[in-house]
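Visitor: Okay, here's the prediction I keep looking at, along with the sequence it came from:
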Amino acid sequence: GMPISSFRLMAPVTCFLTDGLTVPMTIQMMLGKSDLLKKSELRIHILGADSLEETTTRIFVELGRLNPQLKRLDIAMVGPNLPENCSYSYSQFLVPHEAPCHLKGTVDQIIGLYHNCSVARGPIPDLFVAFNPGFHDPSHFVNWLPSLKLLNARTGVPLGITGFNFLEVQNDVKDLKALGFQEKIPPTANPFRSMRPFLDPAREETDFVYVNSAYAILQGSG
């Protein structure tokens, strides 16, 4: 019969690994698509952060390993569902057997809606990111709107978004363009999506969705 590939045998391990790496690897891809990988200092704001980003916080150290030219990386994760306000340095993420990481900067977790937080009125970031935000959902959009207007005023700063499926990203992009955002990269399958499947309660029982399944990149137009 047909041989069983090692990939299929390791499917549970693969799902686990991609679940943990999808956030930093998707950010890495968005940085590259936005021509930001040559910079020695970067500032990234992650909007609507929740348990997905919070549980993978220590993985951000991998962005330093992937980008040796990067000397400083400041990440602010902002969301009403984060468990606490806190700040980390990259050295705190290392375990004893890991090689040292000389990357400077902090990873901050800030509870609240972005437009209400002081970080929104601080230095303008190089990249905005919103993982699986669901802008198109009217119940979410009312809370997102003030923050999105603020982002649109940051002319030229890229906004990377993802969704649980391709249609979600298409709908989110449609709403963002209606607000004045310019589309730089249209909805596209994300090669760094999580491979752990979730049943979508809004669809047929046999239909699955995946974290960061697709992505798009836009930018504010002022």
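Guide: Received it, and whenever you're ready, just let me know what you need.
Visitor: where along the chain do the helices fall?
Guide: 6-9, 11-33, 51-54, 61-66, 138-153, 166-178 (DSSP state H).
Visitor: For the fourth one, could you pull out the residues that count as buried?
Guide: Spelled out, it's helix 61-66. 61, 62, 63, 64 (16 or more other C-beta atoms under 10 Å). Just so you know, the C-beta spots here come from the backbone N, C-alpha and C atoms, and that holds for glycine as well.
Visitor: Any chance of CSV for those residues, columns pLDDT and distance to residue 73?
Guide: Listed next are the buried residues of helix 61-66 as CSV, based on pLDDT from 0 to 100; distance: C-beta to C-beta, whole Å:
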residue, pLDDT, distance to residue 73
61, 85, 9
62, 84, 11
63, 89, 6
64, 86, 6
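Visitor: just checking, residue 157 touches residue 219?
Guide: Yes. Contact criterion C-beta atoms under 8 Å: residue 157 and residue 219 qualify, at 6.2 Å.
Visitor: The two - which one has more neighbours?
Guide: Neighbours per residue (other C-beta atoms under 10 Å) separate residue 157 from residue 219, with residue 219 holding more: 20 against 17.
Visitor: which non-adjacent residue is nearest the more buried one?
Guide: Distances taken as C-beta to C-beta, 6 or more residues apart in numbering place residue 158 nearest to residue 219, at 5.0 Å, with adjacent residues excluded.
Visitor: which ones are touching the one you found?
Guide: With contact set as C-beta atoms under 8 Å, 6 or more residues apart in numbering, residue 158 has these partners: 30, 34, 36, 127, 128, 184, 217, 218, 219.
Visitor: low pLDDT regions in the protein?
Guide: 1-20, 52-56, 95-101, 195-207 (pLDDT under 70).
Visitor: In TSV, list the helices of the chain along with distance to residue 210.
Guide: Output for those, formatted as TSV (distance: least, C-beta to C-beta, whole Å):
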stretch	distance to residue 210
helix 6-9	17
helix 11-33	9
helix 51-54	12
helix 61-66	20
helix 138-153	19
helix 166-178	11
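Visitor: between these, which one is nearest to residue 92?
Guide: Of all the helices of the chain, it is helix 61-66 that lies closest to residue 92, at 9.3 Å by C-beta to C-beta.
Visitor: Just the strands from this structure, written as ranges.
Guide: Remark: strands assigned in the chain by DSSP state E are 41-47, 72-79, 86-89, 106-111, 127-130, 158-163, 182-189, 198-199, 208-209, 214-219.
Visitor: counting contacts, what elements does the last one pack onto?
Guide: In terms of contact count using 3 or more C-beta pairs under 8 Å, 6 or more residues apart in numbering; DSSP states H and E, strand 214-219 is assigned the packing partners helix 11-33, strand 158-163, helix 166-178, strand 182-189.
Visitor: Also the fifth one?
Guide: For strand 127-130, the elements it packs on are helix 11-33, strand 41-47, strand 158-163, judged by 3+ C-beta pairs under 8 Å, 6+ apart.
Visitor: What lies in contact with it?
Guide: In contact with strand 127-130 (C-beta under 8 Å, 6+ apart) are residues 26-27, 30-31, 34, 36, 42-48, 151, 154, 157-162.
Visitor: Drop anything exposed from those residues.
Guide: Applying 16+ other C-beta under 10 Å to these, the neighbour count classes 26-27, 30-31, 34, 42-48, 151, 154, 157-162 as buried.
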